[in-house]
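Engineer: Quick one, structure for this:
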Amino acid sequence: MSAIALDPLIAEAQRRSRRRRNRWAAAAVVVVVLAGASLGGWAARSGGRDSFVLGSPGSVSHVMARVDIAAARGQRNVDFVDSSDGVTWVSAEGRGGMWLTSNQGRSWRAAGTRSAAAFVATVHVDRRHGWMSGIDGIDRTTDGGRTWQHVIPPGCAHTCEGFSLSFLDARHGFAIAGGSAPNNFFRTGDGGVTWQLVSRPSISSGQPISFVNHAEGFGGHGIQPELYWGPTIGDLYRTIDGGRTWSPYTISGSDSPVEFPIRSFGRTVVLVQNGECGSNCLDENPGTVWVSRDAGAHWVGHPIPLPTARSDYPGLVSSVSVVSPHVWFFALGRQLWTTTDGGAHWRAISVQGLPSHEGISKISFTSSRAGWAILPVAQYRETLFRTTDGGRHWAAAGPPKPKRRAHR
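Structural biologist: Numbering: from 1, shown residues only. As a prediction, this is how the structure comes out:
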C-alpha cells in the first residue's frame, strides 16, 4: 500500500474528528449519491477481473437505492459493528447503547447492561454466553443478552477500566484492564463469575487480546496517535505461559503495526499487518495478511490487493474482516475485495458514486455471503447495512429508532 505522510494523515483525522463532534448539531441532509454507491443493483463489467459496477442514474437499481436509503432513516446511527459465533454487536451513538442480533438482523435486542455505552470489548462464544467491558468490571450474560451480571475482578473497584477480553469457551477466558492502577491481567475458569490476577504486564489494556489456547496468546502495545482514524493498531506482543510474561514479537522481521483484534481458529491464527513505511510517516492501510497454522511459531504472508486507481482513494479508512482461515474481506474507500482461498486469488467488487473522502467505514462478515458494513448515508450520519450475497447488494438493517409518539 502507498505510504501516507503524517501531516496529511493528521489533517484528515482532525477533519473527521470535528465531524464526529458536530454530529448531533448538524442537520441530517440525505446525500442520495451515497445511497447509489451503497445499495444499488449491480452489473458485471466485461473483461479483466471479476468485478461489479453500479447501475446508471435513472435505472431500476438507482431507484432501489433511493428506497433503501429511505428505510435507513429509521435506523439508529451506529459507529461500531463486530460479529463472532453467530452474534453481531452494534454500538449506537448517543444514548443508543449496545445492541445485538443472532438472526442476521431480522430482530435486535438491546444489551441492557450496567455499562451499555462501554464497548471496549464484546465477546461471544455461542448464542448464549457473552461478555462486555464494563465501567470498573465485566458484564456477563448466559442467556443471549437478555440479562447481565456485573462482576468486578479483585482490586478493580473504582480503579480498573477499559477491559479487553478473550474467551476460549464458555468457561475459560482472559482479561486485561488499565486505569489508575498498573495494568492487571486476569484469567477465569468459571465463565467470568470469579477472576484471578495473573500478572501486571506492560501491554496496553486498550488493545484487544487473542488467546489460542490456555498458554499461547497475543496482545499489543498501542502506537497510534490520538487523532488516528481507523482500526486499532499497535506493536505485537506474545505470551506462551498463559499471560504471566509477554514479549515483543515480530513477523519475518517486520516491525509495522498490527491491526487488532487477531482472529484464531483453533491453533490457526490470522492477523493483519499494516504496510511498510519509511521514517516520519505512517501507512495506516493493511499491507499483508499473515496466517500461522501452529499458534504463531511459523507464518505465511499474503499481500492485500492494491486499489485499481490509487488517486481515487483517500487512503485513510480501511477495514479487514477475517471470516475463517480462508475467507477474508477488505474494504478501502469505494472498493470491497474478497478472497475465499486464503489470499491466493482476490475478487474486487467496485463501488462507484461515493463522493471524495467517503467510503465504507467498517465491515464485519460472518460468512462468504453474509456481512455487515457501516456506510455514510447522510451528512454527519452513518448507518448499518447488511448483505447476503457477498457484498454485491446492501440494505439498511440496523437497530430501529424508537417511534415518536404523536402529539395530541
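Engineer: what's stretch 233-244 in contact with?
Structural biologist: Residues from elsewhere that reach stretch 233-244 (Cβ atoms under 8 Å, 6 or more residues apart in numbering): 174, 176, 185, 187, 198-199, 201, 203-204, 207, 214-224, 245-251, 255, 257-260, 271, 274, 284, 296. In short, each C-beta sits where N, CA and C put it, glycine included.
Engineer: Oh, that last question was meant for stretch 257-273, not what I typed.
Structural biologist: Counting by Cβ under 8 Å, 6+ apart, 207-208, 210-213, 218, 220, 223-224, 231-236, 251, 254, 256, 274, 286-296, 304, 320, 322, 324-325, 328 sit against stretch 257-273.
Engineer: Filter those down to the buried ones.
Structural biologist: The neighbour count (16 or more other Cβ atoms under 10 Å) marks 207-208, 210-212, 218, 220, 224, 231-236, 251, 254, 256, 274, 286-292, 295-296, 304, 320, 322, 325, 328 as buried among the contacts of stretch 257-273.
Engineer: In strands, which of those fall?
Structural biologist: If you go by DSSP state E, the buried ones among the contacts of stretch 257-273 have 210-211, 218, 220, 233-236, 274, 286-292, 320, 322, 328 in strands.
Engineer: Okay, strands next: where are they in the stretch 301-408 of the chain?
Structural biologist: For the stretch 301-408 of the chain, the strands defined by DSSP state E, counting those that start in this stretch occupy 318-322, 328-332, 335-339, 347-350, 362-365, 371-378, 381-387, 395-396.
Engineer: want to throw these into JSON lines with distance to Gly134?
Structural biologist: Output for the strands of the stretch 301-408 of the chain, formatted as JSON lines (distance: least, Cβ to Cβ, whole Å):
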{"stretch": "strand 318-322", "distance to Gly134": "26"}
{"stretch": "strand 328-332", "distance to Gly134": "30"}
{"stretch": "strand 335-339", "distance to Gly134": "34"}
{"stretch": "strand 347-350", "distance to Gly134": "38"}
{"stretch": "strand 362-365", "distance to Gly134": "22"}
{"stretch": "strand 371-378", "distance to Gly134": "24"}
{"stretch": "strand 381-387", "distance to Gly134": "24"}
{"stretch": "strand 395-396", "distance to Gly134": "30"}
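Engineer: give me the low-pLDDT residue ranges for the stretch 301-408 of the chain?
Structural biologist: 306-317, 350-358, 377-380, 404-408 (pLDDT under 70).
Engineer: ditto for the chain
Structural biologist: 1-73, 93-96, 112-120, 179-181, 224-229, 278-282, 306-317, 350-358, 377-380, 404-408.
Engineer: what are the ranges of the helices in it?
Structural biologist: For the chain, helices defined by DSSP state H occupy the ranges 6-21, 32-39, 60-72.
Engineer: any idea how far Arg76 lies from Glu259?
Structural biologist: Per Cβ to Cβ, to the nearest Å, Arg76 is found 26 Å from Glu259.
Engineer: Ala215 too?
Structural biologist: Counting by Cβ to Cβ - Ala215 and Glu259 are separated by 24 Å.
Engineer: out of those two, which sits in the busier spot?
Structural biologist: Of the pair Ala215 and Glu259, Glu259 is the one with more neighbours under other Cβ atoms under 10 Å, namely 23 against 13.
Engineer: circling back to that earlier point, pull out the buried members of the contacts of stretch 233-244.
Structural biologist: Neighbour-count burial (16+ other Cβ under 10 Å) applied to the contacts of stretch 233-244 gives 174, 176, 185, 187, 198-199, 201, 203-204, 207, 216-222, 224, 246, 251, 257-260, 271, 274, 284, 296.
Engineer: Gln207: what's its closest spatial neighbour, skipping adjacent residues?
Structural biologist: Closest residue to Gln207 apart from its sequence neighbours, by Cβ to Cβ, 6 or more residues apart in numbering: Gly220 at 3.7 Å.
Engineer: residue contacts, the nearest residue to Arg171 once chain neighbours are set aside?
Structural biologist: Nearest non-adjacent residue to Arg171, counting by Cβ to Cβ, 6+ apart: Gly191, 5.0 Å away. By Cβ under 8 Å, 6+ apart, the contact list for Gly191 reads His129, Arg140, Thr142, Ala170, Arg171, Gly173.
Engineer: repeat for Ala92
Structural biologist: Ala92 is in contact with Arg76, Asn77, Val78, Asp79, Met98, Trp99, Gly398, Pro399, counting by Cβ under 8 Å, 6+ apart.
Engineer: ranking those by neighbours, who comes first?
Structural biologist: That'd be Gly398 among these, by other Cβ under 10 Å, with 26 neighbours.
Engineer: unless I'm mixing things up, that one is touching Asp79, no?
Structural biologist: No. Checked against Cβ atoms under 8 Å, the pair Gly398 and Asp79 is beyond contact range at 11.2 Å.
Engineer: Now the buried members of the contacts of Gly191.
Structural biologist: Burial by neighbour count, judged by 16+ other Cβ under 10 Å, picks out His129, Arg140, Thr142, Ala170, Gly173 from those.
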